[in-house]
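**Student:** Okay, here's the prediction I keep looking at, along with the sequence it came from:
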Amino acid sequence: MSVFVIGDLQGCHQSCVDLLAQIEAIDPGAQLWFAGDLINRGPDSLATLRLVKSLGQRARCVLGNHDLHLLAVSQGIRKSSRSDTLDDILQAPDRNDLIDWLRQQPLAIYEQGHLLVHAGVLPQWSAVQTRALASEVETVLRGEDWADFLRQMYGNEPDQWQDHLQGAARLRCIVNGLTRLRFCDQQGVMEFASKEGAGGAPQGFVPWFDVRGRKTQDTTVVFGHWSTLGLLLRDNLIALDSGCVWGGKLSAVRLDDRKLVEVSCPEYQKPGTIG
């Protein structure tokens, strides 16, 4: 069965509906993979989350930083920011079902020669290791102590992967790599302040996918998160955040032949609050 991977929805429900209609017309019944950040910043986070959940076994998604933010806000661990659009979810009658469904979702999918993550993969990680490390976080998120983990999840340290990392520091580094990464240096030290496009790398840093000798070079990595990077298609790379919530496009790519499907989107947020 063919698979379309869809970029960051960020609560843009109508854009998602329109894109799914196009995909259905081209390839009825295709599997749908979502690159995370299903919600937040767009106008219809609740409807978007309900829609993806309603797709059942046809859809799979990885967690993004905004999805994790919703989980933390729902438990009183983080406060909503001015640009958040999460209140409709937090006040919904099916809030608990939606939150429980969301925390069951993976942080990485590795199938059909493709590795799907929300943001990036550290250069020291192979595809198999990435999937295994994601599983460590997933086990905690799906367990009874998931809120305790979220209380320890935030922070920029450690900023480099080491195999000997343990406990909260280990899980935090995994989460940051999979859901926040844009730039790192050749040794895999992560840089979190810069949100420019690939050409705006801080001195000494490069886009994570341009690190020489990264261990996922033999795997096609598919990701979103980086709206200022935009759509990028290489032999071993598919970047899918084409800025839907910023007035760009919502993009989907079919994995087996790289067929591109896109819809144009209204501008719901002004550049400058990218996350």
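**Tutor:** Perfect, I can see it now.

**Student:** Give me the spatial nearest neighbour of the residue most central in space within the chain, chain neighbours excluded.
**Tutor:** The geometric centre of the chain, computed from its C-alpha atoms, lies nearest to H118 (CA atoms, centre = their mean), at 2.5 Å. Taking CB to CB, 6 or more residues apart in numbering as the measure, H118 lies nearest to G36, with 3.4 Å between them; neighbours along the chain are not counted. Where you see a C-beta, it was placed from the backbone N, CA and C, and this is true even at glycine.

**Student:** Just confirm the one you found contacts G120, I think it does.
**Tutor:** No: G36 sits out of contact with G120 when judged by CB atoms under 8 Å, with a separation of 11.6 Å.

**Student:** where in the stretch 51-200 of the chain is pLDDT low?
**Tutor:** Low-confidence segments of the stretch 51-200 of the chain, defined by pLDDT under 70: none present.

**Student:** show me where it has strands.
**Tutor:** Defined through DSSP state E, counting those that start in this stretch, the strands belonging to the stretch 51-200 of the chain, from first to last, are 59-61, 109-111, 114-116, 183-184, 190-191.

**Student:** Give me the sheet partners of the last one and which way each runs.
**Tutor:** When pairs are called by DSSP bridges, strand 190-191 turns out to pair with strand 183-184 (antiparallel).

**Student:** Just give me the neighbour total for the residue nearest to H118.
**Tutor:** The local packing of G36 (other CB atoms under 10 Å) involves 30 other residues.

**Student:** who touches both of G36 and G120?
**Tutor:** Taking CB atoms under 8 Å, 6 or more residues apart in numbering as the contact criterion, the common neighbours of G36 and G120 are H225.

**Student:** circling back to that earlier point, return the residues in contact with the residue nearest to the centre of the chain.
**Tutor:** With CB under 8 Å, 6+ apart as the criterion, the residues that contact H118 are 35-37, 62-65, 107, 178-179, 223-225.

**Student:** need the helices for the stretch 51-200 of the chain, in chain order.
**Tutor:** Taking DSSP state H, counting those that start in this stretch as the criterion, the stretch 51-200 of the chain carries its helices at 65-74, 87-90, 95-103, 127-141, 146-153, 167-179.
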